[in-house]
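*Asks:* Following is a predicted model, sequence given first.
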Amino acid sequence: MKARGGCDFVADIAVPFPAQALLTLLGLPLEDRDRFIESKNAALELTADAVGELTLTDEERVARVAQTMALGGYLTKLIETRRTRPGDDVLSEILAIDGDDRLSDTEAMGVCLMLVLAGLETVTDALSLGMERLATHPERRRELADDPSLVPAAVEELLRLDPPAPFLPRVTTEDVEIAGCPVQAETLVNTHLTTANRDETCWPRPHDIDFHRPDNPHTSFGVGVHRCLGTHLARLEMQLLFEEWHRRVPEYAIAEGTSHRARLVRANIGMESRGRTIPTA
């Protein structure tokens, strides 16, 4: 990347890195990375097409279904293999659970699909949004380059400002009143985490990027019993990448003349891959 003088951060870093982390956790060869990414994209595009956020042609729809089905077959074979020949990986440990907590093949498939569909896209989006903030705020990125111990706090602050899944749909269980507005039971409520994360009573100067906040109880991973199961893995991936990036590439910026634009697909928000480069020193 440094030899090229820049990169498309989304395509070159934010997309492949979480896929490689997942393959490592599952004990799979890194050569399967592109297949996982393509299958993940196909499944998400089918979902977006179904709700009208994306329009696929019949031929494109057939191709996306085939890719998604191929992923299902791949994971089915993986589960069978790990049951008979367990390895030193997360899936083998999950499948080794016995007794009342033992997972059926269907439940194991659900876990694998959740890891692929939820674990890849959200981390990609969080990385791309965070890097866009850093690339456009040189004083903040210099803080991380000068003091790597700030990276964990920086990850929390960047997640607070730009949660990759900012909309949290819930159904009320009883009649309530919120800020003077009556809400009946069984009402679908779509909460906006970006708004909650800018509560001035909790975060002074809520729109500023501040890596020195004494406490940062943001809601970007959700709250309560439905809190994101991948919280710890996502944090670890972001910390590892930002630490290594700023150790190797302390000076960077978005190239002049290139556009950087967010995109929203199925309630996930992230930066588009638009061929832009980040010049490096």
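*Replies:* Thanks, I have the structure now.
*Asks:* pLDDT wise, what is residue 268 at?
*Replies:* Residue 268 carries a pLDDT score of 66 in this model.
*Asks:* Could you report the distance from the residue most central in space within the chain to residue 18?
*Replies:* Centroid-nearest residue in the chain: residue 122, 1.5 Å away (criterion: CA atoms, centre = their mean). Look at residue 122 and residue 18: by CB to CB, to the nearest Å, they are 8 Å apart. In this view, the C-beta of every residue, glycine as well, is placed from N, C-alpha and C.
*Asks:* is it true that residue 162 touches residue 127?
*Replies:* No: using CB atoms under 8 Å, residue 162 is not in contact with residue 127; the gap is 10.5 Å.
*Asks:* Which residue of the two possesses the greater neighbour count?
*Replies:* When residue 162 and residue 127 are compared for neighbours, residue 127 comes out ahead with 28 against 23, by other CB atoms under 10 Å.
*Asks:* Just the helices from the stretch 151-281 of the chain, written as ranges.
*Replies:* Under the criterion DSSP state H, counting those that start in this stretch, the stretch 151-281 of the chain carries helices at the ranges 151-161, 193-196, 231-248.
*Asks:* hmm, what's the outermost residue in the protein?
*Replies:* Distance to centre of the chain, CA atoms, centre = their mean, peaks at residue 180 (34.6 Å).
*Asks:* Identify the residues contacting that one.
*Replies:* Not one residue lies near residue 180 by CB atoms under 8 Å, 6 or more residues apart in numbering.
*Asks:* repeat for residue 14
*Replies:* Counting by CB under 8 Å, 6+ apart, residue 14 touches 123-125, 127-128, 131, 270-271.
*Asks:* pLDDT on the helix or strand harbouring residue 22, on average?
*Replies:* For residue 22, the host element (DSSP states H and E) is helix 16-26. Averaging pLDDT along helix 16-26 gives 91.
*Asks:* That one versus helix 231-248: what angle between them?
*Replies:* Angle, helix 16-26 to helix 231-248, by axes from the mean of the first three to the mean of the last three CA atoms, to 10 degrees: 130 degrees.
*Asks:* Check which residues of helix 16-26 are buried.
*Replies:* Using 16 or more other CB atoms under 10 Å as the test for burial, helix 16-26 gives 16-23, 26.
*Asks:* before we move on, what about stretch 143-163?
*Replies:* Across stretch 143-163, burial judged by 16+ other CB under 10 Å covers 143-145, 148, 150-163.
*Asks:* Report the distance from it to the chain centre.
*Replies:* Put simply, stretch 143-163 sits 16 Å off its chain's centre (CA atoms, centre = their mean, to the nearest Å).
*Asks:* Please list the outside residues in contact with that stretch.
*Replies:* Outside stretch 143-163, the residues that touch it by CB under 8 Å, 6+ apart are 126, 129-130, 133-134, 140, 193-194, 197, 203, 209-213, 216, 218-221, 235, 238-239, 242-243, 246-247, 250-251, 269.
*Asks:* what bridges to residue 189?
*Replies:* residue 170 (DSSP bridges).
*Asks:* Thought residue 176 was touching it, still the case?
*Replies:* No: the pair residue 189 / residue 176 is not scored as a contact, 9.4 Å apart, by CB under 8 Å.
*Asks:* do you know how far residue 21 is from residue 245?
*Replies:* Distance, residue 21 to residue 245, using CB to CB: 15 Å.
*Asks:* Name the nearest residue to residue 140, sequence neighbours excluded.
*Replies:* Closest residue in space to residue 140, ignoring its immediate chain neighbours: residue 209 at 5.1 Å, by CB to CB, 6 or more residues apart in numbering.
*Asks:* ok, the one you found - contacts?
*Replies:* Neighbour list for residue 209: 133, 137, 140, 157-158, 161 [criterion: CB under 8 Å, 6+ apart].
*Asks:* pLDDT at it, what is it?
*Replies:* Predicted confidence (pLDDT) for residue 209: 97.
*Asks:* again with the one 10 residues further on
*Replies:* Confidence per residue is given as pLDDT, and for residue 219 that number is 94.
*Asks:* Give me the below-cutoff pLDDT ranges for this protein.
*Replies:* 2, 259-270, 272-281 (pLDDT under 70).
*Asks:* in this protein, which spans are strands?
*Replies:* 167-171, 176-178, 181-183, 188-192, 262-265, 268-271 (DSSP state E).
*Asks:* Mind checking those strands for the one nearest to residue 92?
*Replies:* When the strands of the chain are compared by CB to CB, strand 268-271 sits nearest residue 92, at 29.3 Å.
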